[in-house]
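>>> how does the following fold in three dimensions:
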Amino acid sequence: MPPAVYRMMTLLCSLVVTLPIGTNLGLLHLLWMLVNGQLRGARGAVIPGLSACGLSERSVRRAWAARGQGTWACEQLLARQAEAVARDYDNEGAWGQTCAALPDDTLNFQHDPLTCAVALGWDGVMIEQARVSAEMREGWLYERVDEGGQAMRIVIAVDGARFNELWLRLVTA
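Numbering: from 1, shown residues only. Reported below is the predicted structural model:
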């Protein structure tokens, strides 16, 4: 397994390890589907996305059940993610405690606020359909436009000034 995949799977497992048996594995499969791009490839359809991960029918059903009926809360997963990132990156020591303008307890695990804004429906981007292929090189995931690739929607333009204004307004509120 490539180091980047191993690291991601280790992080995901740390998020679900305390959940009840059954829910933990089902939610792990859901999270893996999200991070490896299968949900995007299935155009947001959860069951086809899970199936595209190579899961058995039983595992797909378990993941679907965990999503809707499992015992878990998003805020618990986010708190565990924050703890894991704090351990791995020490943003508090590296940035929070060395930069006067930042709070000492800086976590900053959201590396791509633009992606979040688009996912939440922000309309300051232009999106087009393209075929994209992905490959791992030296532990990093690379994506490129490729006629033989998987069809997906990609952002081709961003209203940068408008996004900067939105982001600054939200983080300084």
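>>> against Leu168, how distant is the residue of the chain most remote from its centre?
Computed with Cα atoms, centre = their mean, the residue of the chain farthest from its C-alpha average is Ala100, at 29.8 Å. Ala100 sits 18 Å away from Leu168, taking Cβ to Cβ, to the nearest Å as the criterion. Every residue, glycine included, has its C-beta placed from N, CA and C.
>>> can you list the low-confidence ranges for this structure?
The chain contains residues with pLDDT under 70 at 1, 70, 72, 74-75, 101-103, 105-112, 171-173.
>>> go through it and flag its longest strand.
Of all segments of type strand in the chain, defined using DSSP state E, the longest is strand 125-137.
>>> what's it packed up against?
If contacts are counted by 3 or more Cβ pairs under 8 Å, 6 or more residues apart in numbering; DSSP states H and E, strand 125-137 sits against helix 113-119, strand 140-145, strand 150-158.
>>> name the residue closest to the centre of the protein, please.
By Cα atoms, centre = their mean, the most central residue of the chain is Val35, 5.0 Å off.
>>> any buried residues in stretch 137-155, and which?
Neighbour counts using 16 or more other Cβ atoms under 10 Å place Gln150 of stretch 137-155 among the buried residues.
>>> which other residues reach that stretch?
Applying Cβ atoms under 8 Å, 6 or more residues apart in numbering, the external contacts of stretch 137-155 come out as 2-4, 40-41, 118, 125-136.
>>> for this protein, which segments count as helices?
For the chain, the helices defined by DSSP state H occupy 3-16, 23-35, 38-41, 46-52, 57-69, 74-89, 91, 113-119, 160-171.
>>> setting aside sequence neighbours, what's the nearest residue to Ala84?
Distance criterion Cβ to Cβ, 6 or more residues apart in numbering; nearest residue to Ala84, sequence neighbours excluded, is Ser14 at 5.2 Å.
>>> and Asn36, what does it touch?
Contact analysis of Asn36 by Cβ under 8 Å, 6+ apart lists Cys53.
>>> repeat that for 10 Å
Counting by Cβ atoms under 10 Å, 6 or more residues apart in numbering, Asn36 makes contact with Val5, Met8, Met9, Gly49, Ala52, Cys53, Ala134, Leu141.
>>> what does Asn164 give?
Residues in contact with Asn164 (Cβ under 10 Å, 6+ apart) are Val158.
>>> distance-wise, check it relative to Thr115.
Computed as Cβ to Cβ, the Asn164 to Thr115 distance reads 15 Å.
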